[in-house]
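> Can you look at this prediction? I've put the sequence above it.
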Amino acid sequence: MLIVKNLVKKFKTTLAVNDLSFTVNPGNIFGLLGPNGAGKTTTIRAILNIIKPTSGEIIFNNNPITDEYYNIIGYLPEERGLYKRSKVIDVLIYFASLKNLTKSEALDRADFWLNRLKISEYRDKKIEQLSKGNQQKVQLIAAILHNPQLLILDEPFTGFDPINQQEVKNLILSFLSEGKTIILSTHQMELAEKLCDEILLLNYGKAVSSGKLTDIKKNFGGNNIRLGFNGDHSFLNNFPDIIKFDHYKNYTDIQLKEEVLPSEFLKKIIEKTEVNHFSIIEPTLNKIFIDLIKENVEQE
Amino acid sequence: MKKILAVARWEYIEKVKTKAFIISLIITPLIIISFSILPSLLFRDEMPKTEIIGIIDTSAIYFEELEDEFKEYTLPDGNPNYILINMAFQNKNYQQLLEIANKNIQKNLIEGCLIIHQTETDSIYGEFRATSIGNFKSVKRFEDALSAIKLKKKLTQEGIDTKIIEYFQDRVNVEQLKVEESGKVSSKDFLTTFFVSIIFILLLMMMVVYSGQMLVRSMIEEKSSRLIEMLVSSSTPDELLTGKIIGLSLLGLTQIFIWVVIGLSLVAGALIPPSAFDNVLPMLIYFLLGFLFYSSLFVGIGSTVNTEQEAQQITTYLSLTLMLPVVIAMPAIQNPDFLMTKIFSYIPLTTPTVMLLRLNVESVSSLEIILTISILIVSIIVVTKVSAKIFRIGILAYGTRPSIKEIIEWIKE
């Protein structure tokens, strides 16, 4: 379990992270979300022990983060790159040796992972001879070779084609069943929505929202429906049950008052127009994200 | 410690394998050595060829004696160095003689032609004609010989004893010897010693520039690909920095080792006299310390740059400071107490190279050697400490290059 308590990081004039607290439970994927410059990287660097926080505490499995934790942390940085002119296997062994693995251990594990990700034929090739996707696989292996207990993945899916994305996703899920603690930093909301159990939305170094994804969605005004009908939409203005609606070309998203049951609303609307689509929708994380950030801006 | 070794090993092995390193390893010293030795070889050796020189002696009194004098000069194989031909033919006038001489010179039948006039005041006027005017050695010999003959004639005329004349004619040779600190006297060839220092300085410079550039380039690669983030999430910046410096030093040692082998084989080949390596121990110390000093400097500065161009600029500036001793070499040789050389000996940036030069051209006191080496060691420690601070922040700072002010703030942090 990773606990971050009142983390503050101040650079000369800017407050990159402002009093951030959260807990990541093992067996869960924790989503660290936010726009560029929100403080995700700074937070990750503090957890990785790369930078010293101005104040605050980071505790992993009941101990403060120290140099020894380097060996149980795995990190996949957002921007990818490896020693281009070196051999795949050499690079993997180097990274493993920095995590205190012996050479034979490193060799065994590297071969295992190269096989599992179906790139074992590139074992003795130079990195620059590999396709971009395969280079990223090598980097992913470098991040997990030492079987880390805490895995921090920064945008792990970018640059992979759909098939490989699926493969990486399965890999991450398999780590979960092993009880690893995983932090996923991304601004791909759909992905976070699919994978994360808990999220932390960051903006300007502050937590905008945090907690279980289902709770966040519930709290965010959950009574939404999607309606498809023929003809003019102006009649919707006359419904007292509606808080607001967004009209698109083929359908209209409607937010109903909390106490209104969607099925009751459907009965009423059928009398007014010919309905060809009706569904109950949850707000997407993307929408929550954008709305929350807008709200935040307005408050400031 | 394990991680330091892992970093050092990686830095060493991955760089030793590169083509650039292998090329720098062998080609560089060969180029430098051939350029440094070539002029001294050309300078010293007798041309192993007999020169045929025509003489037009208008006074008709000097030819025979000149011929006698020039019999002294022989080639290493025993053949005469010179064959003098009397070209003052009886039935020709002066103008015709000149034309004949010119023709022979143009056809390369004779190396050159010496024309001797005796003026009314008894002094001699000589003129040497040849296709090139670079034959200083022969001209000097003619001058010496003619002066000697003239003096001998005058003295004989005045009725001086031939013994006294011979006494006068006995030429004095001055040989240059260098007195070492230990009291040992060596007859080192000045040119060779000078070139040896220059070779060492050039080697140090090339080594610093090559490995410095390699280091900075790999750091730029690590930074631009964000590899550095994976590295610092695996080991402390200090471990990384130390590992890098050790790896780079091992690389330097490999270079030195191979260069020493090349050097020794040259000694064996008698291209460089072994006496040129008398100071080899202190020279190696300055060489290694200089290399370490610049390596630690490069690691710190290298962590602040983001592009290849910036790196090039910095390495250029640093290598210029290494070239300084070549600039001050001449005044330093002519006047070992030259204040500037003393000052530069105590500035860590120039200590290694200036001392490499001074060791070979003058006797440097042990006190000075100990003092400069101590200063150098202390500076290496200080620079490593400061570099570590810059490195810690610099490797994670992307975007624009930090200003000097910012870097100073990092150091204070």
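Perfect, thanks for sending it.
> is it true that B:Tyr125 touches B:His117?
Yes: taking CB atoms under 8 Å as the definition, B:Tyr125 is a contact partner of B:His117 at 4.5 Å. The C-beta positions use only the backbone N, C-alpha and C, and glycine is treated the same way.
> Looking at these two now, which is surrounded by more residues?
B:His117 (14 against 11; other CB atoms under 10 Å in any protein chain shown).
> Make sure that one is indeed in a strand.
Yes: when DSSP: H, G, I helix; E, B strand; the rest coil is applied, B:His117 is found to be in a strand.
> Residue ranges of each domain in chain A, please.
Following automatic domain parsing, one finds the domains of chain A at A:2-217, A:223-281.
> and the last one, how far from the chain's centre?
If you compare the mean C-alpha spot of domain A:223-281 with that of the full chain, they lie 32 Å apart, counting by CA atoms, centre = their mean, to the nearest Å.
> end to end, how far does it reach?
8 Å (CA to CA, to the nearest Å).
> cool, stretch B:153-168 as well?
12 Å.
> Can you tell me what sits against it?
B:Ile61, B:Asp122, B:Leu151, B:Lys152 (CB atoms under 8 Å, 6 or more residues apart in numbering or on different chains).
> Return the set of buried residues in that stretch.
Judged by neighbour count (16 or more other CB atoms under 10 Å in any protein chain shown), stretch B:153-168 contains these buried residues: B:Leu155, B:Ile165.
> So for it, mean pLDDT?
What stretch B:153-168 shows for mean pLDDT is 79.
> For the stretch 151-300 of chain B, list the residues in contact with chain A, please.
Applying CB under 8 Å from any CB of the partner chain, one finds that the stretch 151-300 of chain B approaches chain A through B:221, B:224-227, B:229-236.
> Can you list which of those are found in helices?
Within these, residues falling in helices by DSSP state H are B:Glu221, B:Ser224, B:Leu227, B:Glu229, B:Met230, B:Leu231, B:Val232.
> In PyMOL, how would I select just the buried ones from those?
A single PyMOL command selects the buried members of those (16+ other CB under 10 Å):
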select buried, chain B and resi 221+227+229+230+231+232
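> Next, the contact list for whichever residue of the stretch 101-250 of chain A sits closest to chain B, please.
Residue nearest to chain B within the stretch 101-250 of chain A: A:Ala142 (6.6 Å; CB to the nearest CB). Neighbouring residues of A:Ala142 by CB under 8 Å, 6+ apart: A:Leu82, A:Val91, A:Leu92, A:Phe95, A:Ala96, B:Met230.
> now B:Ile347: how far from chain A?
33 Å (CB to the nearest CB, to the nearest Å).
> where does that residue fall, phi/psi-wise?
phi -100, psi 120 (degrees, to the nearest 10).
> Which pLDDT value goes with it?
So, for B:Ile347, pLDDT stands at 87.
> For burial, what's the neighbour tally of the residue in the stretch 101-250 of chain B that chain A sits nearest to?
Proximity of the stretch 101-250 of chain B to chain A (CB to the nearest CB) peaks at B:Ser225, 2.1 Å away. By the criterion of other CB under 10 Å, B:Ser225 has 19 neighbours.
> Could you double-check that it sits in contact with A:Arg80?
Yes: with contact defined as CB under 8 Å, B:Ser225 and A:Arg80 form a contacting pair (7.1 Å).
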